[in-house]
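In: No sequence on hand, only this structure:
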């Protein structure tokens, strides 16, 4: 423990003075808020057959819907991601690297910890099937544990598009997110007057619009001044009130089963209004937060959380599943009525126990993410020399990198689209699992081959 603390202190002390520490704080806070939101808003009980079932508590808690304007912080993550991606892309180019090298390195940081979850889920599902577990139940458990992966699909696509979108930003500035917001509006109209699927383009346009604002902060187009922050804060909040109280959008910024229109999946204009409000608030708080983060302990905490941030996100549903299973087997799983005093009181010990289990999982799998950020992959000796030479050429590396991202994204997306009770040997669709592993292996191979050698 002392060694880990010394290492963390050393890492915090090595932070360059120019680093925007507030961005790291925003990223860490957004993921922690997502974790707490999932834990708090999930109802676990028993059906008529005595089987465990889970669902969202939001349909039973209409009074909590306005609270989602605060706890829906995925826009903050994408905004912080845009800032961080711009910084790392600029750094890569100053070192003489290109977009392909940036994608290869960025992909490693995202995919290495994700692969650990995918392999554990697949191995666990196969073991359960060998012990004659109900295939539909096995698939349901895997589907629940893989819920965080939907976010990674979108973020991987945004990462792939970062080089061209950053180029557009440098040329056209804030006009780019304005155009994207217009496309979101078109998608919302299509959803309102047509089929829900007609607005699926908003999955890309909405998150890209928020990601672009991170670019704008990075290059100073969003100065940290009240004359910029206050109009964003008040304008975003005013638009949010109009869109939800007068317009057709639901109040909740987290999807509520049964709603005609959802704000998050895909992002709607109402969610972009929330993002604008949050951006204004962030700009107002930035200077105070930066001064606070100059103190050792606050900054060390932020560094510690960000070192395993993806592990926390990926494993928090698994932590809830494991604890629920233990309480069920022990016969001590309480199932009070949603919204009752007993249900609300149960949230506190539940959060404590969930946090304990997640801490154990992070202790086990967190080192995979930490090592992946500081270690280069080793090239397997059996790779043909011809393939190695091809992988050193810039054009070939870019094509192979895009193919690797495509395989990973397809695998994760195909798993999300498969119904939650459709049996699968590995708990995930076999084709999806193969595509993911091939894509991840391809990106790992590219990381092991220096360019131009």
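Out: Looks like it came in fine. Worth saying up front: this structure is predicted, and the values here are computed from it rather than measured.

In: burial of the residue nearest to residue 26 when sequence neighbours are not counted, as a residue count?
Out: With C-beta to C-beta, 6 or more residues apart in numbering as the criterion, residue 26 has its nearest non-adjacent residue at 4.5 Å, and that residue is residue 80. Where you see a C-beta, it was placed from the backbone N, CA and C, and this is true even at glycine. Counted with other C-beta atoms under 10 Å, the neighbours of residue 80 add up to 27.

In: For the one helix or strand residue 80 maps to, buried residues please.
Out: Assigned by DSSP states H and E, residue 80 belongs to helix 74-94. For helix 74-94, a neighbour-count test (16 or more other C-beta atoms under 10 Å) marks 74-87, 89, 92 as buried.

In: just those residues now: which is nearest residue 128?
Out: The closest of these to residue 128 turns out to be residue 74 (C-beta to C-beta; 31.4 Å).

In: wait, what's in contact with the closest one?
Out: The contact partners of residue 74, taken as C-beta atoms under 8 Å, 6 or more residues apart in numbering, are 30, 34, 151, 264.

In: one step back: considering the buried residues of helix 74-94, which is situated nearest to residue 170?
Out: Taking the buried residues of helix 74-94 together and measuring to residue 170 by C-beta to C-beta, the closest member is residue 86, at 9.6 Å.

In: Compute the number of surrounding residues for the residue nearest to that closest one when sequence neighbours are not counted.
Out: Ranked by C-beta to C-beta, 6+ apart and with sequence neighbours excluded, the top spatial neighbour of residue 86 is residue 218, at 4.2 Å. Counted by other C-beta under 10 Å, the residues lying close to residue 218 total 21.

In: my read: residue 218 touches residue 81, true?
Out: No: using C-beta atoms under 8 Å as the test, residue 218 is too far from residue 81 to be in contact (11.3 Å).

In: Let me see the contact set for the residue nearest to residue 26.
Out: By C-beta under 8 Å, 6+ apart, the contact set of residue 80 is 23-24, 26-27, 30, 214.

In: please redo it, this time with the cut-off set to 7 Å
Out: By C-beta atoms under 7 Å, 6 or more residues apart in numbering, the contact list for residue 80 reads 23, 26-27, 30, 214.

In: roughly how far apart are it and residue 18?
Out: To residue 18, residue 80 is 17 Å away according to C-beta to C-beta, to the nearest Å.

In: what's the answer for residue 49, then?
Out: Between residue 49 and residue 18 the computed distance is 60 Å (C-beta to C-beta).

In: Can you say which helix or strand has the residue most central in space within the chain in it?
Out: Computing the C-alpha centroid of the chain and ranking residues by C-alpha atoms, centre = their mean puts residue 151 first, at 4.5 Å. Following DSSP H and E, one finds residue 151 within helix 149-172.

In: counting contacts, what elements does that helix pack onto?
Out: Here helix 149-172 touches helix 74-94, helix 99-130, helix 202-218, helix 394-417, going by 3 or more C-beta pairs under 7 Å, 6 or more residues apart in numbering; DSSP states H and E.

In: for that helix, which positions count as buried?
Out: Applying 16+ other C-beta under 10 Å to helix 149-172 flags 149-160, 162-163, 165-166, 168-169 as buried.

In: again, but for stretch 222-234
Out: Neighbour counts over stretch 222-234 (16+ other C-beta under 10 Å) mark 222, 224, 228-229, 232-233 as buried.

In: which one among the residues you listed gets closest to residue 194?
Out: Set against residue 194, the nearest of the buried residues of stretch 222-234 by C-beta to C-beta is residue 232 (31.6 Å).

In: coming back round to it: how big is the angle separating the very next helix or strand once past the helix holding residue 151 from helix 202-218?
Out: Sequence-wise, the next helix or strand downstream of helix 149-172 (DSSP H and E) is helix 175-193. Put simply, helix 175-193 runs at 160 degrees to helix 202-218, going by axes from the mean of the first three to the mean of the last three C-alpha atoms, to 10 degrees.

In: who's in contact with helix 175-193?
Out: Applying C-beta under 7 Å, 6+ apart, the external contacts of helix 175-193 come out as 168-169, 198-199, 201-202, 205-206, 208-209, 212-213, 248, 261, 266-269, 272.

In: ditto for stretch 421-439
Out: 118, 121-122, 125-126, 129, 135-136, 138-140, 142, 404-408, 410-412, 414-415, 418.

In: hmm, 6 Å instead?
Out: 121-122, 125-126, 135-136, 138-140, 142, 404, 407-408, 410-411, 414-415, 418 (C-beta atoms under 6 Å, 6 or more residues apart in numbering).

In: as a whole number, average confidence for it?
Out: Stretch 421-439 comes out with an average pLDDT of 93.

In: Over to that stretch now: how far is its first residue from its last?
Out: Stretch 421-439 has an end-to-end distance of 26 Å (criterion: C-alpha to C-alpha, to the nearest Å).

In: Where does pLDDT dip in the stretch 51-200 of the chain?
Out: Counting by pLDDT under 70, the stretch 51-200 of the chain shows no low-confidence range.

In: Next, residue 73: phi, psi?
Out: Dihedral angles of residue 73 (phi, psi; degrees, to the nearest 10) stand at phi -120, psi 10.

In: One more: residue 219?
Out: The phi/psi pair for residue 219 (degrees, to the nearest 10) reads phi -100, psi 10.

In: per-residue confidence for it?
Out: 88.

In: now the one 5 residues further on
Out: The confidence metric pLDDT takes the value 65 at residue 224.

In: ok, now the one 3 residues further on?
Out: The pLDDT attached to residue 227 in the predicted structure is 80.

In: Kindly report the same for the one 5 residues further on.
Out: Residue 232 is assigned 93 on the pLDDT scale.

In: Can you tell me how far it is from residue 253?
Out: 17 Å.

In: go on, residue 195?
Out: For residue 195, the distance to residue 253 equals 23 Å [C-beta to C-beta].

In: Which parts of the stretch 201-350 of the chain are helices?
Out: 202-218, 226-241, 269-292, 296-307, 309-330, 341-372 (DSSP state H, counting those that start in this stretch).
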